[in-house]
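Enquirer: structure for the following, please:
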Amino acid sequence: MKSGPFSRLTRTAATRLDNATHALPRRSLSACPCCHQPIQNTASLCLHCHAEKHYGPVRRENLICSLCGLALILSLTRLLFPQLFAPLSFWLVPLMLAGLTAGFIFAQFRFAGDRWLRLNKR
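Expert: Residues are numbered from 1 along each chain as shown. Purely as a prediction, here's the structure:
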């Protein structure tokens, strides 16, 4: 018989590996944030109201925040530097891209956590 670290179990390890059945822990239940029906803690979909657990922004929120960032940058630029809008300057395109990017980054930080959304109202 070979001797090695896994060839024999110690007496205490062997007694822990007996075939005695132990009661399984009960499933943890919590209330759905939308309809307050009981669901499992690990669920990502409520079977009662069809609400889904989302991480981060959805497509609609990304689009709205990006367009708001674009509008904010363009309006501030129009107020502070009106000469940039006269003959469509070269700086207008980078400013528009910066506004879109700032809005997108704002959406990522604003909706960064997990939350329950009812996207399909049934």
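
Enquirer: partner strands of whatever helix or strand residue 39 lives in, parallel or antiparallel?
Expert: Using DSSP states H and E, residue 39 sits within strand 38-40. Applying DSSP bridges, strand 38-40 is found paired with strand 29-31 (antiparallel).

Enquirer: do you know the pLDDT at residue 14?
Expert: Looking at residue 14, its pLDDT reads 49.

Enquirer: with residue 3 instead?
Expert: Looking at residue 3, its pLDDT reads 59.

Enquirer: mind listing what the nearest residue to residue 70 once chain neighbours are set aside touches?
Expert: In this structure, residue 70 finds its nearest non-sequential neighbour in residue 99, 4.0 Å apart by Cβ to Cβ, 6 or more residues apart in numbering. Just so you know, the C-beta spots here come from the backbone N, C-alpha and C atoms, and that holds for glycine as well. Residue 99 is in contact with 69, 70, 71, 72, 73, 74, counting by Cβ atoms under 8 Å, 6 or more residues apart in numbering.

Enquirer: in the strand or helix carrying residue 99, what counts as buried?
Expert: In the assignment (DSSP H and E), residue 99 maps to helix 92-110. Under the neighbour-count criterion of 16 or more other Cβ atoms under 10 Å, helix 92-110 has 95, 99, 100, 102, 103, 104, 106, 107 buried.

Enquirer: which one of those sits closest to residue 47?
Expert: Comparing the buried residues of helix 92-110 against residue 47 with Cβ to Cβ places residue 107 closest, at 29.4 Å.
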